[in-house]
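Mind folding the following:
(one chain, ligands or ions: 1)
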Amino acid sequence: MIPENIRKEFPIFDNRPEMTYLDSAATALTPAPVIEAVSTYYRELSANVGRGLYPTAEETTARFESVRERISRFLNTSSDEIVFTRNSTEGLNLLAATLADRIEEGDNIVITALEHHSNFLPWKRLTKRCGAELRIVPFEKDGSIHPDTARSFVDSRTKIFAFSAISNVFGTPNDVSTIVRTAKALNPDILTVIDAAQAIGHMQVDIQEWNCDFLAFSGHKCFGPTGVGILFGKHDILSSLPPYQVGGGMVLDSTADEPTYMDVPHRFEAGTPDIASVFGLDAALDFIDSIGVDAIHAYESELATQAVSKLKKAFGDSIHILGFNDRRESGIVSFTLEGIHPHDIAQILGERDICIRAGEHCATPLHHVLSLPATARVSFSVYNTEEDIDRLIEGLKEVRSLFEN
Ligand SMILES: Cc1ncc(COP(=O)(O)O)c(C=O)c1O
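Residues are numbered from 1 along each chain as shown. Down below sits the predicted model:
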């Protein structure tokens, strides 16, 4: 159950009580305990990690490492497999850079046509550099990847299979564990990479169950602050990768001809991390746990399902909703309205304090496949209500009437 007074937990509504926020897939609003955790760090500790020997520095390091433990429990893995990054994009780029030595001419990397640029461009650049092939698995009508379709793309020269757990445009969850199992049955050496940017905090994610080799997500999409993300990597594979960036906080000996580096995960954390945001992410996971991820998933999916039904009722044949399922399994709904550019929809709704997203949602290849220049997207979270859907529908009716005159 979502607590009735949950909006009170989000201070932005004190400042913007009229705002209808329907863009949580871009970034989620931030609950008070997360803001508090960030500010507590600056007010009470404000020290660096892994360096100082005075009490606030030692406490900061201990708390920072305890967040790593916390995240590993949340994902059902171990703390030496958790790397702090800036966001999903950085985690995926880290992988593409450090896996480069393993890719040779004639190899291939498999992704899907659903991917966000963050899980497309790093692999595109890597294959181009190495003379490898980038293979793109098509999606089903509902916006998911069928494990059997993936079968015909993976072969003995496939080095990496990277795909998103939930598309940021269709919002349909993929059957991650079956896709991973299918790919590994075809080629046991394949490395599987999951872009979980839209999944963490929105559905159950259990790394043991998914059995993926890598997974990346961003704190800001699951109620955390901006500036912190997580890269999970299986310990043995992570340990075999070279550092991504080099600098302070990850060196054992730098004087030798060949410097030596700390073990994972610290080897991948050169320079001072965004410590305050790491503490904020800890509070965000507490917030998620206090509601329960299943309850969040059910609530967001229910709002999206209601939105689909009300949009269809209000706009009939003039609305095209991506994904044919009326029953939704995430909070994301993308659509186009006949004769009105999605940018116009978003701008006019924005003038009425209804915040939605319009464009290609950093998924240009997907929009090419769909032959659409842009789509409008609404995405629901725990602070949304049925009234938000009604405001959206009223707003869209106004947009339409402006274009009819
Ligand atoms: C599926 C998906 N992957 C990756 C990203 C990139 O996230 P970030 O900008 O936080 O790195 C996004 C952001 O919208 C996303 O939706």
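
I'd guessed residue 212 sits against residue 179; true?
No - using C-beta atoms under 8 Å, residue 212 makes no contact with residue 179, being 9.3 Å away. Heads up, the C-betas are built off the backbone N, CA and C, glycines and all.

In PDB, list the C-alpha atoms belonging to stretch 154-168.
Extracted as PDB, the C-alpha positions of stretch 154-168 are listed here (Å, rounded to 0.1, in the frame of the first residue of the first chain):
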ATOM      1  CA  VAL A 154      23.900 -14.700 -30.500                       C
ATOM      2  CA  ASP A 155      26.600 -17.000 -31.800                       C
ATOM      3  CA  SER A 156      30.100 -18.200 -30.800                       C
ATOM      4  CA  ARG A 157      31.600 -14.800 -31.700                       C
ATOM      5  CA  THR A 158      29.200 -12.800 -29.500                       C
ATOM      6  CA  LYS A 159      31.200 -11.200 -26.700                       C
ATOM      7  CA  ILE A 160      28.500  -9.000 -25.000                       C
ATOM      8  CA  PHE A 161      24.800  -8.900 -24.900                       C
ATOM      9  CA  ALA A 162      23.500  -5.600 -23.400                       C
ATOM     10  CA  PHE A 163      19.800  -4.800 -23.000                       C
ATOM     11  CA  SER A 164      17.500  -2.800 -20.800                       C
ATOM     12  CA  ALA A 165      15.300  -4.400 -18.100                       C
ATOM     13  CA  ILE A 166      12.500  -1.900 -19.000                       C
ATOM     14  CA  SER A 167      12.500   0.300 -22.100                       C
ATOM     15  CA  ASN A 168      12.200   4.000 -21.200                       C
END
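
any residue of that stretch up close to the ligand?
Yes - contact between stretch 154-168 and the ligand, assessed by C-beta under 6 Å from any ligand atom, occurs at 164, 168.

for that stretch, which positions count as buried?
Buried residues in stretch 154-168, counted by 16 or more other C-beta atoms under 10 Å: 154, 158-168.

tell me which element residue 329 falls in.
Using DSSP states H and E, residue 329 sits within no helix or strand.

And the protein, split by domain according to the record?
Following automatic domain parsing, one gets these domains for the chain: 6-22+293-404, 34-289.

now these in CSV, with mean pLDDT and distance to residue 28?
CSV is the format used below for the domains of the chain (pLDDT from 0 to 100; distance: least, C-beta to C-beta, whole Å):
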stretch, mean pLDDT, distance to residue 28
domain 6-22+293-404, 96, 6
domain 34-289, 97, 5
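
name the helices or strands packed onto the helix or strand hosting residue 111?
Per DSSP H and E: residue 111 is located in strand 108-112. On a contact count with 3 or more C-beta pairs under 8 Å, 6 or more residues apart in numbering; DSSP states H and E, strand 108-112 meets helix 121-130, strand 133-137, strand 158-164.

I'd like the distance between residue 85 and the ligand.
9 Å (C-beta to the nearest ligand atom, to the nearest Å).

can you count the residues close to that residue?
By other C-beta atoms under 10 Å, the residues close to residue 85 number 25.

now do residue 359
Neighbour count of residue 359, defined by other C-beta under 10 Å: 16.

Let me see the contact set for the closest residue to it other than its chain neighbours.
Closest residue to residue 359 apart from its sequence neighbours, by C-beta to C-beta, 6 or more residues apart in numbering: residue 374 at 5.1 Å. Residues in contact with residue 374 (C-beta atoms under 8 Å, 6 or more residues apart in numbering) are 336, 341-343, 358-360, 367.

any chance you could map the helices in the stretch 201-350 of the chain?
Secondary structure of the stretch 201-350 of the chain (DSSP state H, counting those that start in this stretch): helices at 207-210, 235-239, 275-291, 293-315, 342-351.

Can you say which of these is packed in most?
helix 275-291 (a mean of 22; mean count of other C-beta atoms under 10 Å).

Just give me the closest of the contacts of residue 374 to residue 322.
Nearest to residue 322, judged by C-beta to C-beta, of these is residue 336 at 8.4 Å.

which residues does the closest one bridge with?
Taking DSSP bridges as the rule, residue 336 bridges to residue 320.

Need the per-residue pLDDT for residue 290.
Per-residue pLDDT puts residue 290 at 97.

ok, so what distance separates it from residue 249?
In this view, residue 290 and residue 249 are 32 Å apart by C-beta to C-beta, to the nearest Å.

and what of residue 161?
32 Å.

again, but for residue 185
In this view, residue 185 and residue 249 are 40 Å apart by C-beta to C-beta.

Of the two, which one has the most company?
The residue with more neighbours, out of residue 185 and residue 249, is residue 249; 16 against 11, by other C-beta under 10 Å.

Next up, the contacts around that one.
Neighbouring residues of residue 249 by C-beta under 8 Å, 6+ apart: 49-51, 266, 269-272.

Sort out for me which of those are in strands.
The strands, defined by DSSP state E, take in nothing from the contacts of residue 249.

Any residues of the stretch 201-350 of the chain in contact with the ligand? List them.
Contact residues (C-beta under 6 Å from any ligand atom) of the stretch 201-350 of the chain with the ligand: residue 218.

and the residue of the stretch 201-350 of the chain found nearest the ligand, what is it in contact with?
Going by C-beta to the nearest ligand atom, the ligand is nearest to residue 218 of the stretch 201-350 of the chain, at 3.3 Å. Counting by C-beta under 8 Å, 6+ apart, residue 218 makes contact with 87-89, 197, 224, 228-229.

can you do 10 Å?
Shown in contact with residue 218 (C-beta atoms under 10 Å, 6 or more residues apart in numbering): 27-28, 85-91, 118, 196-198, 200, 224, 226-230, 281.

returning to what we had before: quick one: is the strand holding residue 111 near the ligand?
No - Strand 108-112 is not in contact with the ligand by C-beta under 6 Å from any ligand atom; minimum separation 11.0 Å.

pull the CA atoms of that strand into PDB?
Backbone C-alpha positions of strand 108-112 (Å, rounded to 0.1, in the frame of the first residue of the first chain) are rendered in PDB as follows:
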ATOM      1  CA  ASN A 108      30.000  -9.100 -32.400                       C
ATOM      2  CA  ILE A 109      28.100  -7.300 -29.600                       C
ATOM      3  CA  VAL A 110      24.400  -7.700 -29.400                       C
ATOM      4  CA  ILE A 111      22.000  -5.000 -28.100                       C
ATOM      5  CA  THR A 112      18.300  -4.300 -28.800                       C
END
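
Relative to the whole chain's centre, how far out is it?
Offset of strand 108-112 from its chain centre (C-alpha atoms, centre = their mean, to the nearest Å): 19 Å.

Great, nothing more from me.
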